[in-house]
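**Q** Any chance you can model this:
(3 chains)
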Amino acid sequence: MNRWYQDNKERIAGLFPVIGLMCLFLLFSVTAGDKFLSPFNLSNIVNQACIIMVTGIGVCFIMSHNNLDLSCGGAMALCGVITYLMCEKISFIFLIPGCIIVGMLIGFLTGCIHVYGRIPAFLAGFAMMSLGRGISVISVDHKMRTPGIYKSLNTVGFYIGVLLVVSIIAIFVMKYTRIGKYNKLIGVNPITAEMSGINVNRYKLIAFMINGVTIGIATFLTLIRAGAITNTTGNGVETNTLIAVVIGGMPLAGGSKSKIGAAIVGALIFTVLQNGLIIWQMNADWINVIKGIVFLIIVILTVDRKHMTLTA
Amino acid sequence: MKKETKKIAHDYLGMIGIPVVLFLVLMLISPNVTFKNLLSLLQQAVLPSILGWGMLLNMRCGNWDFACGSEALLAAIIGGNIAYRLGLGIPGVIICCIAVGIVLGGLVGLLYYFTGVPTIIASLGIMFVYESFGSIVFEGKGINISSTKWVVFGNMSWGIFFAVAVGLLAHFIFYRTKFGYNVRAVGSNMAIAESSGIKVPFVKALCLTFVGLFAGIYGAVNLGSVGVIRPVSAMGTMATCFDAMMCCFIGFSLCFGRNQVISIFFEAFTMQILKLALLVFGFPTDYNSVVTAFFILIFIFISNNQDRFAFIKRKVSKV
Amino acid sequence: MSEKMITLKNMVKTFGSVKAVSEVSFEINKGEIRALIGENGSGKSTLSSLITGAQQADSGTIIYKGKEFSSKGIVDAKEHGIAVLLQEKGTLDGLSVAENIFLGTENKCSGRWGISRRKMNQKAGEMLVSIGAESIAPERIVDSLSFEERKLIEVARALLDDPDLLIVDETTTALSLEGRNIIYKLIEKMKRENRTVIFISHDLEEIVKICDTATVLRDGKFIKTVNKNEMNPDYLRTLMIGRELDGHYYMNDRNIQGECEIVLKAENINLANKLRNVSIELRRGEILGLGGLTECGMHELCKVMFGAICPDSGTVEVFHDGMGKRICSCSDAISNKVAYLPKDRDAESLFTGASIRDNITVTAIEQVKTGIYISPQKEEKLAQEYVKNLSVKCNNEKQFVSELSGGNKQKVVVGKWLANNSEILIMDCPTRGIDVGVKKAIYNLMEKLTSEGKSIIMVSEEMPELIGMSDRIIVLKNGKVTGTFLRSQRVTENDLVGCII
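**A** The predicted structure is shown next:
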């Protein structure tokens, strides 16, 4: 028994978020059954979860090498505005590839600031966030509405499709390619990584670019869901993503326990919690307080004090 | 000894000289900028430097504190409302805000001390909670004291008096207490500090608490100069933190000034001039936080890359 | 005169399975200057840290000033009048000299309004004058001071409380004559005041000159305490060495046929004040031993050869079929089949928070992937192969490395480099902190590897190991090569010690 526990310790720990999700789901099904389990509400949960899930998947790559990314909300606004302005000049056919490429470039830029400027990544992210926030103000006087064709994509099926594709690719990259492997190892010990012939800077940059791609996809999803870019596009996404990913079981210090599953499960827990509390008719601000407290409790329970280097 | 005096003169000249030169350049460029602006800029520099003094403690001992902005906000809302409802007057506002600030900062400190969660994570989580809490307490209306006669900090003489008082307090904490010396020791090298008998986690937690004190003062002064404070959400208090951090980073990267407490004020002043310059050049105020963020990047870049600059300097001097 | 300052009784301290200090007992009188000598790893520094309480002893008692004493840490010891000067840097950058001197004891400078900076500077100035370092201004920032001046600041800090017992742990090695003279004067002053000094050094001439008595340690055991009248460098040296040499424990003698080709060559390496014009050649199939004191520059030389440190001047080249390739970075070295097993395993060559499998396959990703896909099955097979070949003791290859013992960790490191078919292995203290059984396994492995045509550079701080394992030994002292020995010459420890110290 003990031996079996030793061997499967990791797997058991990985189950906790899933059990948590099921408990939450049961709790809300019992207490607010008809409202909570209505098809409309369930599709609503998927719609709400998918943006956090996509950004969370990108953030997992950054966190795996022991960094924090707090740029995604602002970066989404930035990405949206730039792509929109470009597409307006050329054609809206390029909205999807445009979002992805611009997002990737934003990620690349954040990564360069961190890697070559030797600036802590979360500060580089903050700078990017405030840039995005500032620029999204343009959208107030310049009406940025998503063209009609894309609105037809606003269906649960499309969201689930995107999610499936993104998560399968991300899981593959994280588990079965050098990018994921090396990033996780850099998170464990950057000095050993360098001394084992891993080009630390390059793989960190790649992680930032992957994060950028997911930001681009999330931007596109926001565009079709909200129907426009406004000055609140992406508001709060950065904190929500961080909270979701941590609740999902992503270690704050990264390393070999990093997994994409954390983003997927975490985003679901996060949205189910939020949705259920709204159905309970709780005040939105109280919900935020609860989210913050849950985040802190999870951090306190899971933080690996030995490997934490962010303390600086 | 003469060399020493020269060094001190050089330090202070840099500290005061840079903002003065910046201001003169600005005056030359724009006819709208006059000496009158200088006075109001000095006054505007008071607020960020109050929080900057608190932040200085944190930055010097290696803490990251993103909660200070929300602490200031919440302290003003709670402290202000208590004082307002009890009719305690200006001293009441100040005392209540400070008391609430210390409690709020103390909570971050306790969280760090007892759980060992990295300060950046602890303060981020706490910021999130405090911001939402600001929208809950007192029906989410924030605080409005504009109908009373308590809005006095807009007044020049009051503002300066207060700045000097808080500056003296900061100076006392930083240069005249064992705690201040310990903070600098911890920031320089934790391991050696620990082996010299300094309780590193305690000092770091105390720093987080002291930020609460300064955040309380900041809240009181802010309330006393604008009269109305509304709750903010979605990391909106970050801009306040950035302003405070920026003061510290300008100082760290340019290394001017002997007394960091005094230089924080001049750095806040420099920052206000830079912001004025942006206005003069026609940047909308929406970009203020963008510009602050990028100035922070530039200044951290300078302070984190001293070795590269030294290398370039050597190469240039060789040529 | 015969009053006892400190008495040690049966002190024992073990790290893992290694006995760093075993059953050491001796006593030191008041007003005595006692030297503590021994080879690298003989337990001198551990013993001093047991006295100060920086480390806690497993068993044994210390009687200090007639009372049983057990310190909780350096600070506690300081309060009881035991001060220590360490080898490592102990000053804080960015702070002034005075702040450094009063570190942790700032309250001594309280004025009317809290701590007075003026008073602190004044007191620090007096302290510096009293130790003979009046040239250092107390208000200066320590960053602008030389290494030597910073050491003197630490001296001032240590003497602030007028300690009754001062431990000087290899402090003088790095100092110039002037700095040493200051410390000698202070030691003599302490002797006159009937206080005690424990002086740890490798410089035997220095010890004979200033110390009253010398205690010799070997392998953590007490060997002898020598009085002033019998102290001379040669005698001390013979006491220090003399570990038992069991021929079978190490490698059997062998003949390397003729002159094999050179596989690695380091030429005229200079590195700050660590290495001076060092040139080394490594031949195919040999074990080249590098020996010397810990700070002689041999560890840095390894890093230079692996490309982890860029030397100020000089080149490192690897030869494949006569073609030379320069090494400038770690990835150069790895792609040219050079491996490096550092002294600090956990920090530099292991991902302790990752599985054994990840650790072994990290350098051999090419072998386990098809296209961009890394096959977990192939990874597992590769890892299992090395776990089995090296007989790493573990539950399975998914176990985290942090859960393994020192010896098994080292095996994982070896596995990591063998997985990528490295031809040249630079091993920095390969048996450090490893118990006897695994040590033997690693020696056998080294022998096997070289017989397969791989070449090894082995740095060792233990002389028997160096003599027993190397085909050729190069000795470094203060960053310079001071001697080369061939195995066929029947090297003795005495020969080596002459070059090392």
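**Q** Show the pLDDT at the closest residue to residue B:300 other than its chain neighbours.
**A** Counting by Cβ to Cβ, 6 or more residues apart in numbering or on different chains, residue B:300 lies nearest to residue A:119, which is 5.1 Å off, once chain neighbours are set aside. C-beta coordinates here come from the backbone N, C-alpha and C atoms, glycine included. With respect to pLDDT, residue A:119 has a value of 86.
**Q** Could you verify that residue B:233 is part of a helix?
**A** No: membership of residue B:233 in a helix is not supported by DSSP: H, G, I helix; E, B strand; the rest coil, which gives coil.
**Q** so how many other residues sit close to it?
**A** Burial of residue B:233 is recorded as 16 neighbouring residues (other Cβ atoms under 10 Å in any protein chain shown).
**Q** Now name the helix or strand holding the residue nearest to it when sequence neighbours are not counted.
**A** The spatial neighbour of residue B:233 that comes closest, neighbours along the chain excluded (Cβ to Cβ, 6+ apart), is residue B:131 at 5.7 Å. For residue B:131, the host element (DSSP states H and E) is helix B:119-136.
**Q** Which strands and helices lie in contact with that helix?
**A** Applying 3 or more Cβ pairs under 8 Å, 6 or more residues apart in numbering or on different chains; DSSP states H and E, we find helix B:119-136 packed against helix A:237-247, helix A:284-302, helix B:68-86, helix B:89-115, helix B:200-226.
**Q** Any buried residues in it, and which?
**A** Using 16 or more other Cβ atoms under 10 Å in any protein chain shown as the test for burial, helix B:119-136 gives B:119-135.
**Q** residues near the residue in chain C that chain B sits nearest to, how many?
**A** Ranking the residues of chain C by distance to chain B (Cβ to the nearest Cβ) places residue C:114 first, at 3.0 Å. Neighbour count for residue C:114, taken as other Cβ under 10 Å: 19.
**Q** For it, which non-adjacent residue is spatially closest?
**A** In space, and not counting its chain neighbours, residue C:114 is closest to residue B:176: 3.0 Å by Cβ to Cβ, 6+ apart.
**Q** For that neighbour, which residues are in contact?
**A** Residues near residue B:176 by Cβ atoms under 8 Å, 6 or more residues apart in numbering or on different chains: C:113, C:114, C:115, C:116.
**Q** Verify the stated contact: residue C:232 with residue C:208.
**A** Yes: contact status for residue C:232 versus residue C:208: in contact at 6.2 Å, counting by Cβ atoms under 8 Å.
**Q** between the two, who's got more neighbours?
**A** Using other Cβ under 10 Å as the criterion, residue C:232 and residue C:208 rank with residue C:208 on top: 17 against 12.
**Q** quick one: secondary structure of the residue nearest to residue B:300?
**A** At residue A:119 the chain is in coil, as set by three-state DSSP.
**Q** how about the residues of the stretch 51-200 of chain C near chain B?
**A** Residues of the stretch 51-200 of chain C lying close to chain B by Cβ under 8 Å from any Cβ of the partner chain are C:54, C:73-75, C:78, C:89-95, C:99, C:102-104, C:106-107, C:113-117, C:137, C:139.
**Q** Show me what secondary structure element comes after the helix holding residue B:131.
**A** Helices and strands here follow DSSP H and E; after helix B:119-136, the next one along the chain is strand B:143-144.
**Q** List of residues touching that following strand?
**A** Residues lying outside strand B:143-144 but in contact with it, judged by Cβ under 8 Å, 6+ apart, are B:76, B:77, B:80, B:81, B:84, B:223, B:227, B:228, B:229.
**Q** Please tabulate these in TSV, including the columns pLDDT, neighbour count and distance to chain A.
**A** As requested, the contacts of strand B:143-144 are arranged in TSV below (pLDDT from 0 to 100; neighbours: other Cβ atoms under 10 Å in any protein chain shown; distance: Cβ to the nearest Cβ, whole Å):
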residue	pLDDT	neighbour count	distance to chain A
B:76	89	30	17
B:77	90	26	13
B:80	86	29	19
B:81	87	20	16
B:84	83	21	21
B:223	84	30	21
B:227	78	18	23
B:228	80	13	19
B:229	82	21	16
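**Q** wait, isn't the residue nearest to residue B:300 in contact with residue B:302?
**A** No: counting by Cβ under 8 Å, residue A:119 stays clear of residue B:302, with 10.5 Å between them.
**Q** who's more crowded, those two?
**A** Neighbours were counted for residue A:119 and for residue B:302 using other Cβ under 10 Å; residue A:119 has more, 23 against 17.
**Q** ok, so of the contacts of residue B:176, who is nearest residue C:334?
**A** Nearest to residue C:334 among those, counting by Cβ to Cβ, is residue C:115 at 53.3 Å.
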